[in-house]
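J.: sequence? don't have it. structure:
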């Protein structure tokens, strides 16, 4: 596990930035969730916004654990009224419409993320997938 929490020193202003890298395994989803809750409390993010962020992290890291192969990385950035949540993994594109899975068993996580977040983006990269969510944050 790798963790960093630092003030950003680039030319772009940033209040806080933290990165957590874990094996892409379901057993590590709770660690990402607890890391997020504790960190956002330290950053003085209000409880209701913290709860939404933790739920988003839970859904995104659960997907990364299920579809990623080696590791998953969570990046949290609190920047002037916005909380950016980025989860990347080493998986390939997820195929939709598997015939052996009931339709009500999958697909709710991304809907929850889209409902809670101000914006979401999904990118396929050379190394895997990256999902970004942005929340308004009054911290």
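T.: Okay, I see it. This one's a predicted model, so the numbers in the text were calculated from it and none came from an experiment.

J.: can you tell me which residues contact residue 74?
T.: By C-beta atoms under 8 Å, 6 or more residues apart in numbering, the contact set of residue 74 is 19-22, 32, 35-36, 57, 60-61, 85-87. No exception for glycine: its C-beta is placed from N, CA and C like everyone else's.

J.: Please render these as CSV that adds distance to residue 73 and secondary structure to the earlier fields.
T.: Conversion of the contacts of residue 74 to CSV gives the following (distance: C-beta to C-beta, whole Å; DSSP: H, G, I helix; E, B strand; the rest coil):
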residue, distance to residue 73, secondary structure
19, 6, strand
20, 7, strand
21, 5, strand
22, 8, strand
32, 10, helix
35, 12, helix
36, 13, helix
57, 12, helix
60, 11, helix
61, 10, helix
85, 12, strand
86, 8, strand
87, 7, strand
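
J.: can you redo these as a markdown table with pLDDT?
T.: What follows is the contacts of residue 74, written out as a markdown table (pLDDT from 0 to 100):
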| residue | pLDDT |
| --- | --- |
| 19 | 97 |
| 20 | 97 |
| 21 | 96 |
| 22 | 96 |
| 32 | 97 |
| 35 | 98 |
| 36 | 98 |
| 57 | 97 |
| 60 | 94 |
| 61 | 95 |
| 85 | 97 |
| 86 | 96 |
| 87 | 96 |
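
J.: Give me the ChimeraX select line for those residues, limited to the buried ones.
T.: Under the burial definition 16 or more other C-beta atoms under 10 Å, those of the contacts of residue 74 that qualify are selected in ChimeraX by:
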select :20,21,22,32,35,36,57,60,61,85,86,87
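
J.: Closest one to residue 135 out of the contacts of residue 74, please.
T.: Top of the list for closeness to residue 135, among the contacts of residue 74 and by C-beta to C-beta, is residue 85 at 7.2 Å.
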